[in-house]
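# Pasting the sequence and the predicted coordinates here, then a few questions.
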Amino acid sequence: MAYTEEELKKELETKEYEYGFYTDIESDTFPIGLSEDIVRRISEKKEEPEWMTQWRLDAYESWVKMEEPDWANVKYKKPDLQAISYYSAPKKKAKYDSLDQVDPELLETFNKLGISIDEQKKLSGVAVDIVIDSVSVATTFRDTLAKKGIIFCPISEAIKEYPELVKKYIGSVIPPKDNYYAGLNSAVFTDGSFCYIPKGVRCPMELSTYFRINQAGTGQFERTLVIADEGSYVSYLEGCTAPSRDENQLHAAVVELIALDDAEIKYSTVQNWYPGNKEGKGGVFNFVTKRGICHNRSKISWTQVETGSAVTWKYPSCILKGDHSIGEFYSIAVTNNYQQADTGTKMIHLGKNTRSTIISKGISAGQSQNSYRGLVKVGARAKNARNFSQCDSLLMGNDCGAHTFPYIEAKSNSAQIEHEATTSKIGEEQIFYCNQRGIDTEKAIALIVNGFSKEVLNKLPMEFAVEAQKLLEISLEGSVG
Amino acid sequence: MEFKEKLLSSYLAFEEGLDLSDSVHKTRAKALKIFEEKGFPTKKDEAWKYTSLASLISQDYSLFPKSEATIELKDVRKYFLYDTDTYKVIFIDGVYSPFLSNTTHDGLDVCLMSAALIKPKYRKLINAYFNKMAPQDDSLTALNTSYAKEGAFIYIPKSTVAEKPIEIIHFSSGNENALWLQPRNLIVVDQNAQVQIIERHQSLKEHPVVTNSVSEIYLHKDSFLDYYKLQNDLPSASLIDSTYIHQEKNSHASVHTFSLGGKLIRNNLNYFHKGEHALSTLKGVTILEGKQHVDHSTLVHHAQPNCESHQDYKSIFSNRSEGVFNGKILVDKIAQKTNAFQQNNNILIDDNATVNTKPQLEIFADDVKCSHGCTIGQLNEEVLFYMRSRGIPEKEAKALMTYAFANNVLDSVQLPSLKKRINQQIANKLGVNLGFEL
């Protein structure tokens, strides 16, 4: 564990992606390209009702007119959307009632991912929905949850079984016209998770989704919809991995959260898509739209640990529509080698006495670029709105960059907004202070980096914290603990 | 006819009497092409997201005043900092007023841009500095360059200290219905020289006037600049002020901006560090009411190691006024050991006032200390209660608190009489009776 900064840097550069295996599962893949016909075929394949097909087609129609945005502080070769396949599903039976029916090779995949479903079932009580190449392959613990009235299933099933819920809420927070990638997702999403917590129910376990892009030349477009009815509580986890590939893979997901009166949603992400190799070749483009809406006295909390992806472009947001609602955003973004991240949040205060907290920590190493981009907006009717934002960046090495672009718009004279940002490297004075007290330099660096990200790590649910720690260690091994 | 068209078509009239084969004019013509191509910035441009020029450019303005206006000294004396003890470069409706001015060529040059552009004596300086600091692709700066003819030209030679402060004042008389002014200043401070400058734009009558001003400032090694921008104009006047400062090794540049009045004010304040150990200070007090709009857009480009920059902007907004702060700190890869600080505090007095702020850091070097802080808030209730419990009426207590909030920016003002005057202006603006002489 004893590392100097130099060694740490070296380690960061040479660390290979641990999850870069490819599972040879026979899969059913659509021809490449995107057209109205493909959208129809996806809908058909998923045996969707007519209204859903129409919804997709409307989304496709408006998407065709949109242009890919280029305002983010990232540089990449725009993916050719006609060169990827929009449907790739493991060929074997689509539904599983128990783990016995699951393809053993698939189970092997999960073991490699470090999420033994069995083990998790027993030890942590996490219900997992696993999505490979955008098709949901396994959902555990459904029965236990069903007893409480909680619905947790692939969204393709929800469309068929709970159409009234899906119809009411899908696209209500992120309309298909919202942005380029949300539009694309709305047209071609193939699966994802759906979760509904009934009134007054406190979900007894963490719900979890695992995403993995397996096939070459496919894009992953999953859609998550979480609805917490009045007075309910749910904690939701999301993890992502992909095999190492030379070409860039595209991941364009949409996550919508709806917290009705007095509800609370805690959404945690550990994103570890393949970041590309040392030379910056390959890796996943992670263009995700995540947004939640808070009704009266409700709370949405986003926590994210972003270690992967070649390019990340993601702003989990909260619309604080109801009075006394609360939005939180805790983020650690680690970039290394040639990774680029442009991430942050939007807190839109509309209701009275709304509060929001933003804590963002960026660590850049190698030749990477790490940006925080955030918006805090206080509407004229949002009396006594309160926001606190803090963005800290830590730079390791001389070739990386850290950037902050906070937008603050206030229209209410009772709003209180504080924003602060710092950029620094590990200070010589800090190390000197530790040395003085008998802590050697290696240990001091470890302490400082650990302390730097602790604020956010502490926000992760217990079951996930261990794994997040593990992922962070890939990038910052030695300095943690 | 759209105003942009007018600017383009009036160019022939502007060219009359100018030496068209001159290199300066070639620069102008080139700049006009850039403006023609880019046009006025719109809200779609990221840098103009919160400030719209649409209402300004939808009107018509005269570009060249028809009649020469005369102003009595007694009418404008109150706008001067001192009666005698300053160099003055004074313009009325964009035309130089020899009667009110006090220029010099004794040891240092405080004179006119129009003279400097023509006289062979200054040719070397013009070739070296004119339009060299301003970015070529900024459309409003290009517009100014294309019409650049008049303004202040200041050259402080090596190891010279300008004994007296220099006042640059632009009056608009109100003789024209609506006036569009484009002054262009060039200030060169040579090695080890020092200068203090006060710039002011003032209209004497309520009438629409827009000033698109550009100042280029070059600070050589070990030089020192202390610059004050007083923006306390009538609510009919708008100002777009772009200042570009190049700093060589060990130079100090400090700019204070006091935005107390005007219809729309946009301050583009840009610093570029060309040598090590340069120090930059940017400070501002903004107090607005009515429907006024102020946009402070700052850039500090740290391109060399061991430089420092400090920014501190305090703003108070009442009624329906709108404020924008767009601060950017850019630290290049080689600019190690940079210390850059940025602070922006805002108070919203009324519910219809708006603040949009975007403090940005773009950092490519690892051994730096950079931070920014930004707050939007109200007066502290407890302090207010404390004062009221000791018999200070609410209105006065509030006024005193806002005064104290803005006042600490003034600590670094070097000219005592200017400090006193601005203090008084801020106090008047906030309705505070200080009860003592400053």
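Yep, it's here. Numbers count the residues shown, from 1 in each chain, chains lettered A, B, ... in the order given.
# From here on, just use CA atoms for contacts and neighbour counts.
Noted.
# Look up how far B:Leu269 lies from B:Gly17.
B:Gly17 sits 33 Å away from B:Leu269 when distances are taken as C-alpha to C-alpha, to the nearest Å.
# before we move on, what about A:Tyr315?
In terms of C-alpha to C-alpha, A:Tyr315 sits 31 Å off from B:Leu269.
# more crowded one of B:Gly17 and B:Leu269?
Comparing B:Gly17 with B:Leu269 by other C-alpha atoms under 10 Å in any protein chain shown, the one with more neighbours is B:Leu269, at 20 against 7.
# so that one sits right up against B:Asp295, yeah?
No. With contact defined as C-alpha atoms under 8 Å, B:Leu269 does not reach B:Asp295; the gap is 10.8 Å.
# Which helix runs longest in chain A?
Across chain A, the longest stretch assigned as helix under DSSP state H is helix A:441-457.
# what about it and chain B, touching?
No. Helix A:441-457 stays clear of chain B (C-alpha under 8 Å from any C-alpha of the partner chain), getting no nearer than 14.9 Å.
# Next, the buried residues of that helix.
Counting neighbours by 16 or more other C-alpha atoms under 10 Å in any protein chain shown, one finds that the buried residues in helix A:441-457 are A:441-450, A:452-453, A:455-457.
# Might you name the residue of the stretch 201-350 of chain B sitting closest to chain A?
B:Leu348 (4.8 Å; C-alpha to the nearest C-alpha).
# How about that residue: which residues does it bridge to?
Note on B:Leu348: beta-bridge partners by DSSP bridges are B:Phe317.
# okay, it: pLDDT?
B:Leu348 carries a pLDDT value of 89.
# That one: neighbour count?
Neighbours of B:Leu348 under the rule other C-alpha under 10 Å: 28.
# can you map out the strands along the stretch 151-300 of chain B?
B:152-156, B:166-172, B:179-181, B:184-189, B:194-203, B:209-219, B:224-232, B:237-247, B:252-261, B:264-273, B:279-288, B:293-302 (DSSP state E, counting those that start in this stretch).
# again with the stretch 251-400 of chain A
Along the stretch 251-400 of chain A, counting by DSSP E, counting those that start in this stretch, strands occupy A:254-259, A:264-271, A:283-294, A:299-306, A:311-314, A:317-320, A:326-335, A:340-343, A:346-349, A:355-364, A:369-378, A:386-395.
# between the strands of the stretch 151-300 of chain B, which one is nearest to B:Lys33?
strand B:209-219 (17.6 Å; C-alpha to C-alpha).
# The closest one: partners in the sheet, and parallel or antiparallel?
If you go by DSSP bridges, strand B:209-219 pairs up with strand B:179-181 (parallel), strand B:184-189 (parallel), strand B:237-247 (parallel).
# and the angle for the longest helix of chain A with strand A:386-395?
Here the directions of helix A:441-457 and strand A:386-395 differ by 150 degrees (axes from the mean of the first three to the mean of the last three C-alpha atoms, to 10 degrees).
# For helix A:441-457, what is the distance to the chain centroid?
In terms of C-alpha atoms, centre = their mean, to the nearest Å, the centre of helix A:441-457 is set 24 Å apart from its chain centre.
# likewise stretch A:265-280?
8 Å.
# sorry, back to before: wait, which of the strands paired with strand B:209-219 is closest to B:Leu8?
Closest among the strands paired with strand B:209-219, using C-alpha to C-alpha: strand B:179-181, at 13.7 Å.
# Give the rounded mean pLDDT of the closest one.
If you average the pLDDT over strand B:179-181, you get 92.
# Tell me how many other residues surround B:Asp350.
By other C-alpha under 10 Å, 19 other residues sit near B:Asp350.
# typed the wrong thing, it's B:Gln59
Using other C-alpha under 10 Å, B:Gln59 has 12 other residues around it.
# Any stretches of the chain with poor pLDDT?
If you meant another chain, say so; for now it's chain A. For chain A, applying pLDDT under 70 flags the ranges A:1-29, A:88-141, A:211-219, A:240-248, A:442, A:446, A:462-481.
# my question was about chain B
Judged by pLDDT under 70, the stretches of chain B that qualify are B:1, B:67, B:83-84, B:433-438.
# ok, the residue of chain B positioned farthest from its centre to B:Phe405 distance?
Computed with C-alpha atoms, centre = their mean, the maximum C-alpha offset from the centroid of chain B is found at B:Ser389, amounting to 41.7 Å. Going from B:Ser389 to B:Phe405 by C-alpha to C-alpha gives 21 Å.
# Equivalent analysis for A:Thr441, please.
Between A:Thr441 and B:Phe405 the computed distance is 43 Å (C-alpha to C-alpha).
# So which residues of the chain form helices?
With no chain named, the answer covers chain A. Remark: helices assigned in chain A by DSSP H are A:5-14, A:36-45, A:50-64, A:104-113, A:117-123, A:142-147, A:155-161, A:163-169, A:180-188, A:428-436, A:441-457, A:462-476.
# looking at chain B here, not the other one
Assigned by DSSP H, the helices in chain B fall at B:3-9, B:11-15, B:23-38, B:54-57, B:73-76, B:113-118, B:123-129, B:139-146, B:381-389, B:394-407, B:416-430.
# want to try TSV for these, with distance to B:Leu100 as columns?
Shown next, in TSV, are the helices of chain B (distance: least, C-alpha to C-alpha, whole Å):
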stretch	distance to B:Leu100
helix B:3-9	30
helix B:11-15	26
helix B:23-38	28
helix B:54-57	30
helix B:73-76	7
helix B:113-118	17
helix B:123-129	26
helix B:139-146	25
helix B:381-389	47
helix B:394-407	32
helix B:416-430	20
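# Need the winner for burial among those helices.
Greatest average neighbour count among the helices of chain B goes to helix B:139-146 (a mean of 25), per mean count of other C-alpha atoms under 10 Å in any protein chain shown.
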